[in-house]
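Student: one predicted model, sequence on top.
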Amino acid sequence: MADSRDEPLVLGIETSCDETGVGVVRGTTLLADAVASSVDEHARFGGVVPEVASRAHLEAMVPTIDRALKEAGVSARDLDGIAVTAGPGLAGALLVGVSAAKAYAYALGKPLYGVNHLASHICVDQLEHGALPEPTMALLVSGGHSSLLLSTDITADVRPLGSTIDDAAGEAFDKIARVLDLGFPGGPVIDRYAREGDPAAIAFPRGLTGPRDPVYDFSFSGLKTAVARWIEAKRAAGEEVPVRDVAASFQEAVVDVLTRKAVRACRDEGVDHLMIGGGVAANSRLRALAQERCEAAGIRLRVPRPKLCTDNGAMVAALGAEMVARGRAASDWDLSADSSLPVTDPHVPGTAAAHDHVHEVSKENLYS
Amino acid sequence: MLLLALDTATPAVTVALHDGTNVVASSSQVDARRHGELLLPAVDRVLAEAGLRLDAVTGIVAGIGPGPYTGLRVGLMTADTFGLALGVPVHGLCTLDGLAYASGLDGPFVVATDARRKEVYWARYKDRRTRATDPAVDRPGDLDVGHLPAVGAGALLYPATFPNAHEPEHVSAAALASLAAEKLARGEELEPPRPLYLRRPDAQVPKNYKVVTPK
Ligand SMILES: [Zn+2]
């Protein structure tokens, strides 16, 4: 590989949910990953409140950009581009990040890249394990998404194989934590209790695993209801709820289905790499079971460290850097925040005319 | 001095450049749903019209509302980030003050903008440069402003409360910039560029989870 200083230096901004993330990468090297989270402000509401998140993004943005640049030890004038999550996500929250990214790119005379949040979750693994194998199978699981995606080129071709037909996996964790009075967010606390419980104690249902069910789609709503009913029955009978066993058995039902379908997709498509990302990829049992099943199937598993799995700006910068490296078109100054940006659009290229304009601006660095 | 003023707290996306004496270029578009798309191209256009580049700007002035939050944040986030990238000060000005300044009125009057949900953002003024009350959000039916002149979309929308309503309907960055230039020339401090939401976020603390066992 060429001198790493020839690789694109990109700053990425992420505000699709409750984390204000600003990351800096050079090619596939992570230089900074600054995150300000408003999760504590949402905890008492038992879920993310969009307006609370948007207000927090506005306040946190400038300090977080500052922190990321300091952490990376680079100057804004040396950046080759600014990347930002254009969607999908919470509309008002996305708009704060998109506004910041546009203003920053324009003021610095740099190209702007509006990129897809889901493709960013996949691309972040380049910062951990080097260039993504092509094709890559990716299982993305978080409070907002549960999808199986196949990508042959993360900047241009992401194909959805399956996704949840009701709740996201992370949502199920939040809801069960609430039924068990364990607080919000539910993922980490369920994981902790489950470590001391028996995953085989209660046989909770595995959604969409019947012979006639869609092979790659997920469903966690039925499981959620079954677990809640089981707990309510215990309480109604005046019995103590075995929180650790419930947590372990519920978690096992989720990760069993996730890993089974992901490995099946790899086999069917002849893909020998599985990438897992999203907040739920921080779950210790998901990581362990995926490792076990991938090894058995001869599949190489790639899971980034937990901090890169949850929403962050480094993942956006990683995809932005790939866009620059592959010469993809920059976005226009009228880029929209698109809360339902399709997963099949890894980025939002500008129209040709305006694209020239971006280059015109970027040629003349205001500070040079 | 070269001030870049912008306001996105009302349906208008409005941008102006002011050289300390005059407005040298300006743009206003009314589209309540496209603040995010329209603002940056408008800045680019205004600069091009003046034959200047953004790095010539010595200060930013942003309307801080009150106004519908999603649009309001577009302007404030843009102003904040310009300030960071250019290393110039970012000032805030109450959006209602901009409307008041543009009204040309010199006796007492009120300014009211549309706060949606059948409410208005409003304040009383002694004259076009002097606000008499803090900006507030209220139902028009709960207000009694008599026959005082009133400007702004909120006044035009509720004639029963504001019988003497007239233009301007929306704030212009040109007015905001002129007011800011005047204040800065007098050595006055402007406001910090932080949003005036006036309402708390809509959010309910859940009492308990919904029981799923059928009764
Ligand atoms: Zn995510």
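Tutor: Yes, it's here.

Student: now do the helices in the chain.
Tutor: Since you didn't name a chain, this refers to chain A. Here chain A has its helices, by DSSP state H, at A:39-43, A:50-72, A:91-108, A:117-123, A:126-129, A:169-179, A:186-194, A:221-236, A:243-269, A:284-297, A:306-309, A:313-325, A:352-363.

Student: my bad, the chain I had in mind was chain B
Tutor: Using DSSP H, helices in chain B cover B:35-50, B:69-86, B:95-103, B:153-157, B:173-185.

Student: give me the pLDDT for A:Ala352.
Tutor: We have a pLDDT of 60 for A:Ala352.

Student: got a list of what the residue of the stretch 51-200 of chain A at minimum distance from the ion touches?
Tutor: Distances between the stretch 51-200 of chain A and the ion by Cβ to the ion are smallest at A:Ser142, namely 4.6 Å. All C-beta spots, glycine's among them, are computed from the backbone N, C-alpha and C. Applying Cβ atoms under 8 Å, 6 or more residues apart in numbering or on different chains to A:Ser142 gives the contacts A:His121, A:Ala168, A:Ala169, A:Gly170, A:Gly278, A:Gly279, A:Val280, A:Thr310, A:Asp311.

Student: quick check: it vs A:Ala281, distance?
Tutor: A:Ser142 sits 8 Å away from A:Ala281, going by Cβ to Cβ, to the nearest Å.

Student: circling back to that earlier point, using CSV, lay out the helices of chain B together with mean neighbour count.
Tutor: Shown next, in CSV, are the helices of chain B (neighbours: other Cβ atoms under 10 Å in any protein chain shown):
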stretch, mean neighbour count
helix B:35-50, 21
helix B:69-86, 25
helix B:95-103, 27
helix B:153-157, 23
helix B:173-185, 23
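
Student: okay, now the domains of the chain?
Tutor: Since you didn't name a chain, this refers to chain A. For chain A, automatic domain parsing gives the domain ranges A:4-124+A:312-348, A:133-305.

Student: other chain: chain B
Tutor: B:3-94+B:171-185, B:96-166.

Student: avg pLDDT for the shortest one?
Tutor: Per-residue pLDDT over domain B:96-166 has a mean of 97.

Student: coming back round to it: for the contacts of A:Ser142, pick the one with the most neighbours.
Tutor: For the contacts of A:Ser142, the largest neighbour count, defined by other Cβ atoms under 10 Å in any protein chain shown, is 32 neighbours, found at A:His121.

Student: any idea which residue sits dead centre in chain B?
Tutor: B:Thr95 (2.8 Å; Cα atoms, centre = their mean).

Student: list the buried residues of stretch B:109-127.
Tutor: Under the neighbour-count criterion of 16 or more other Cβ atoms under 10 Å in any protein chain shown, stretch B:109-127 has B:109-115, B:119-125 buried.

Student: correction: stretch A:159-170
Tutor: Burial within stretch A:159-170, assessed by neighbour count using 16+ other Cβ under 10 Å, is assigned to A:Leu161, A:Gly162, A:Ser163, A:Thr164, A:Asp166, A:Asp167, A:Ala168, A:Ala169, A:Gly170.

Student: now, which of the residues you listed lie within strands?
Tutor: Mapping the buried residues of stretch A:159-170 onto strands (DSSP state E) picks out A:Leu161, A:Gly162, A:Ser163.

Student: distance of the residue nearest to the last one when sequence neighbours are not counted relative to A:Pro346?
Tutor: If I follow you right, that is A:Ser163. Leaving aside its chain neighbours, A:Ser163 sits nearest to A:Ser147 (4.2 Å; criterion: Cβ to Cβ, 6 or more residues apart in numbering or on different chains). According to Cβ to Cβ, A:Ser147 stands 14 Å off from A:Pro346.

Student: more crowded one of the two?
Tutor: A:Pro346 (26 against 23).

Student: so B:Phe109 touches B:Gly146, yeah?
Tutor: No. Applying Cβ atoms under 8 Å as the test, B:Phe109 and B:Gly146 come out as separate, 11.0 Å apart.

Student: quick check, pLDDT for the closest residue to A:Pro8 other than its chain neighbours.
Tutor: Nearest non-adjacent residue to A:Pro8, counting by Cβ to Cβ, 6+ apart: A:Val324, 3.8 Å away. With respect to pLDDT, A:Val324 scores 98.

Student: what about A:Val324, neighbour count?
Tutor: A:Val324: 20 neighbours (other Cβ under 10 Å).

Student: list the residues that contact the residue nearest to the centre of chain B.
Tutor: B:Thr95 neighbours (Cβ under 8 Å, 6+ apart): B:Asp7, B:Ala9, B:Thr10, B:Gly63, B:Ile64, B:Gly65, B:Pro66, B:Gly67, B:Thr113, B:Val171, B:Leu176.

Student: please repeat the previous calculation with a cut-off of 6 Å.
Tutor: B:Asp7, B:Ala9, B:Gly63, B:Gly65, B:Gly67, B:Val171 (Cβ atoms under 6 Å, 6 or more residues apart in numbering or on different chains).

Student: relative to chain A, how far out is it?
Tutor: 16 Å (Cβ to the nearest Cβ, to the nearest Å).

Student: ok, now how distant is that residue from A:Val115?
Tutor: 33 Å.

Student: ditto for B:Arg129
Tutor: 46 Å.

Student: who has more neighbours out of those two?
Tutor: Neighbour tally, B:Arg129 and A:Val115, criterion other Cβ under 10 Å: the higher count belongs to A:Val115, 32 against 13.

Student: quick one: that one and A:Ile82 touch, right?
Tutor: No. With contact defined as Cβ atoms under 6 Å, A:Val115 does not count as touching A:Ile82 (10.6 Å).

Student: just put the domains of chain A in JSON lines and tack on distance to B:Ala136.
Tutor: Below are the domains of chain A laid out as JSON lines (distance: least, Cβ to Cβ, whole Å):
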{"stretch": "domain A:4-124+A:312-348", "distance to B:Ala136": "20"}
{"stretch": "domain A:133-305", "distance to B:Ala136": "34"}
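
Student: pick the one among the buried residues of stretch B:109-127 closest to chain A.
Tutor: Taking Cβ to the nearest Cβ as the measure, B:Ala115 is the one of those closest to chain A, at 14.7 Å.

Student: can you count the residues close to B:Arg186?
Tutor: 7.

Student: can you pull the pLDDT of it?
Tutor: 96.

Student: could you tell me the least trusted of the helices of chain A?
Tutor: Among these, helix A:352-363 carries the lowest mean pLDDT (a mean of 44).

Student: rewinding a little: which ones among the contacts of B:Thr95 map onto strands?
Tutor: B:Asp7, B:Gly63.
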